[in-house]
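1. Sequence and computational prediction follow.
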Amino acid sequence: MKESAVKKIAVLTSGGDAPGMNAALRAVVRTANYYDIECYGVREGYNGLINGDFLKMGPRSVKNIINQGGTILKSARSMEFKTKEGRQKAYDHCVRLGIDGLVCIGGDGTFTGAKIFNEEFGIRVIGVPGTIDNDIFGTDNTIGYDTALNTAMDAIDKIRDTATSHNRVFFVEVMGRDAGFIALNSGLATGALDILIPERKDSIEDLFTNFRNAEKTGKASSIVVVAEGEKLANVYELAEKTKKDFPDYDIRVAILGHMQRGGSPSCADRVLASRLGYGAVTGLMEGKTNVMAGMRSNDLVYTPIEEAIKKHNEINEDLLLISKILAI
Ligand SMILES: Nc1ncnc2c1ncn2[C@@H]1O[C@H](COP(=O)(O)OP(=O)(O)OP(=O)(O)O)[C@@H](O)[C@H]1O
Ligand SMILES: O=P(O)(O)OC[C@H]1O[C@](O)(CO)[C@@H](O)[C@@H]1O
Ligand SMILES: [Mg+2]
């Protein structure tokens, strides 16, 4: 490899934590070490950058974390980084330490911040997609999504046991403030009667038609999976509306919540995190900046951050159709 474009890099985790962030951090630190690049960890996302909360990291600083959920660097949603003054403080710390490249592990908000930081101060930045939401263009999956999906699936399977035993209808809310990927795939995987996601315009009449069709085939219990960001109504309102039209239904609501963000990363997430962490460091070394390292069709690819956040991963409408056909 020709001479590296960076000599001293920093890495941070930001936004909602995601299983596999630690595996990505490990990959960044150890790849940097392999290529003789100094590496600093930044605590608590962009807040640590603003407050100068850096720690020098070497191969042993990331021992025993490949299998750990959460992020040992901790994460934050930093309001101050959204201000010019906050970013100036962050840049001053980078200059003081001689940081010439920054690896930002997080979601679309984290990438937006990284892009602005790069454009304002010229410091090299590279994004690693770490979010359970899977809402980033330029990578087939984001780190943490597979684990969260499996956590949601396991939980809904358990709800199915009790729903079936009591002939009940369950509205289950899964995470995704603006994205329906977890809802769509966990719903398909658990045989949900209906799946409601923010990317699609849903109607209560369609939902009720599904209930009626299910009744006709003798279905005695049902699960409806609803993304947190569903626009039609939240799970409690959906349950209330349904009860009005179907007074005989015994309805319950379950919100899976933050359990979906925790836990040991799946094999797929650990492999993805290792490959993208490696790709982030080698990308910076090759002089890449303002891009995200992603995995598409099993290949490491770099996408401009602008595209990664603007294009948003597309929902596969076929999955909704398949789910509808198979659920009744
Ligand atoms: N417009 C912006 N300008 C500067 N910084 C930003 C901007 N948007 C987001 N950030 C920074 O990125 C952080 C993380 O963003 P956000 O809270 O949206 O999470 P995320 O990275 O999208 O992850 P997830 O959606 O998985 O929780 C914000 O708290 C903020 O510090
Ligand atoms: O933990 P917080 O800050 O309430 O954020 C919750 C949001 O974060 C996410 O889990 C993504 O990290 C979204 O799915 C969810 O809407
Ligand atoms: Mg986000």
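-> Great, that's in hand. Residues are numbered from 1 along each chain as shown. Ligands and ions are numbered 1, 2, ... in the order given.
2. what does this structure have sitting close to ligand 3?
-> Residues of the chain lying close to ligand 3 (Cβ under 5 Å from the ion) are Gly107, Asp108, Gly109. Yep, even glycine has a C-beta here, placed from its N, CA and C like the rest.
3. need the residues of the stretch 101-250 of the chain near ligand 2, please.
-> Residues of the stretch 101-250 of the chain found near ligand 2 (Cβ under 6 Å from any ligand atom) are Thr131, Ile132, Asp133, Met175, Gly176, Arg177, Glu228.
4. where exactly do the helices run in this protein?
-> If DSSP state H is used as the criterion, the helices of the chain fall at 21-34, 45-51, 84-97, 108-121, 145-165, 181-189, 204-216, 235-245, 267-285, 305-311, 317-327.
5. Low-confidence regions, the stretch 1-150 of the chain specifically.
-> 1 (pLDDT under 70).
6. any chance of the residues of the chain next to ligand 3 in TSV, plus neighbour count?
-> Conversion of the residues of the chain next to ligand 3 to TSV gives the following (neighbours: other Cβ atoms under 10 Å):
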residue	neighbour count
Gly107	25
Asp108	23
Gly109	18
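7. Say whether ligand 1 is contacted by stretch 47-66.
-> No. Under the criterion of Cβ under 6 Å from any ligand atom, stretch 47-66 makes no contact with ligand 1; the nearest approach is 7.7 Å.
8. Now do the end-to-end distance for that stretch.
-> In terms of Cα to Cα, to the nearest Å, the two terminal residues of stretch 47-66 are separated by 24 Å.
9. Pull the distance from it to the chain's centre.
-> The gap between where stretch 47-66 is centred and where its chain is centred comes out at 21 Å by Cα atoms, centre = their mean, to the nearest Å.
10. now swap in stretch 278-295 and tell me
-> In terms of Cα atoms, centre = their mean, the centre of stretch 278-295 is set 19 Å apart from its chain centre.
11. Quickly note the distance from Ala308 to ligand 3.
-> Noted for Ala308: a distance of 11 Å to ligand 3, by Cβ to the ion, to the nearest Å.
12. any idea how far that residue is from Ala268?
-> Note on Ala308: its distance to Ala268, by Cβ to Cβ, to the nearest Å, is 20 Å.
13. How about Ala10?
-> 27 Å.
14. Which one's more surrounded, these two?
-> When Ala10 and Ala268 are compared for neighbours, Ala10 comes out ahead with 25 against 16, by other Cβ atoms under 10 Å.
15. Okay, that one and Val95: tell me how far apart.
-> 12 Å.
16. now do Val301
-> For Val301, the distance to Val95 (Cβ to Cβ) stands at 31 Å.
17. Look at these two and report which has more neighbours.
-> Taking neighbours as other Cβ under 10 Å, Val301 and Val95 compare with Val301 leading, 15 against 11.
18. and the closest residue to the more buried one other than its chain neighbours, what does it touch?
-> Counting by Cβ to Cβ, 6 or more residues apart in numbering, Gly294 is the residue found nearest to Val301 once chain neighbours are left out, at 5.5 Å. Gly294 is in contact with Pro129, Ile136, Gly138, Thr139, Asp140, Leu276, Leu300, Val301, Tyr302, Thr303, Ala308, counting by Cβ atoms under 8 Å, 6 or more residues apart in numbering.
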